[in-house]
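Colleague: Attaching a predicted model along with its sequence, questions to come.
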Amino acid sequence: MSVPHVLSSSRFDAVQSAYRRHHSTETALLKITNDIYSGFDALQSTILIALDQLAAFDCIDPKIMISCL
């Protein structure tokens with residue numbers, strides 16, 4: 001399911017898979033894999049950094065977070 005207002009945003013990255021029709025975790029992984037293999041073929045150094053932000057705010061005291069906002 002594509003969300004038109006998200007797609008029209010200037011902050012929407014062309015390689016983002018979320019909120020786009022026919023894009024998924026699989027297409028994101030295929031893009032990353034292709035980029036890595038392309039780097040290898042071009043004899044470039046390749047580094048992958050992955051951040052899991054699923055529970056990023058679980059360790060913050062909600063009262064402190066709200067006061068900062």
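Modeller: Alright, I've got the coordinates. Residues are numbered from 1 along each chain as shown.
Colleague: His23: what's its closest spatial neighbour, skipping adjacent residues?
Modeller: In space, His23 comes closest to Ser17 once its chain neighbours are excluded; the distance is 4.0 Å by CB to CB, 6 or more residues apart in numbering. Backbone N, C-alpha and C define where each C-beta goes, glycine included.
Colleague: Please name the residues that touch the spatially closest residue to Thr27 that is not a sequence neighbour.
Modeller: Nearest residue to Thr27, sequence neighbours excluded (CB to CB, 6+ apart): Ser17, at 5.4 Å. By CB atoms under 8 Å, 6 or more residues apart in numbering, the residues touching Ser17 are His23, Ser24, Thr25, Thr27, Ala28, Lys31.
Colleague: Show me which helix runs longest in the protein.
Modeller: If you go by DSSP state H, the chain has its longest helix at helix 25-41.
Colleague: Send me it as PDB with only the CA atoms.
Modeller: Output of helix 25-41 as PDB, limited to C-alpha atoms (Å, rounded to 0.1, in the frame of the first residue of the first chain):
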ATOM      1  CA  THR A  25      11.900  -6.300   3.700                       C
ATOM      2  CA  GLU A  26      12.800  -8.600   0.800                       C
ATOM      3  CA  THR A  27      13.300  -5.800  -1.600                       C
ATOM      4  CA  ALA A  28      15.300  -3.900   0.900                       C
ATOM      5  CA  LEU A  29      17.600  -6.900   1.500                       C
ATOM      6  CA  LEU A  30      18.000  -7.400  -2.200                       C
ATOM      7  CA  LYS A  31      19.000  -3.700  -2.600                       C
ATOM      8  CA  ILE A  32      21.600  -4.100   0.200                       C
ATOM      9  CA  THR A  33      22.900  -7.400  -1.200                       C
ATOM     10  CA  ASN A  34      23.200  -5.900  -4.700                       C
ATOM     11  CA  ASP A  35      25.100  -2.800  -3.400                       C
ATOM     12  CA  ILE A  36      27.500  -5.000  -1.500                       C
ATOM     13  CA  TYR A  37      28.200  -7.200  -4.500                       C
ATOM     14  CA  SER A  38      28.600  -4.200  -6.700                       C
ATOM     15  CA  GLY A  39      31.200  -2.800  -4.300                       C
ATOM     16  CA  PHE A  40      33.100  -6.100  -4.300                       C
ATOM     17  CA  ASP A  41      33.000  -6.100  -8.100                       C
END
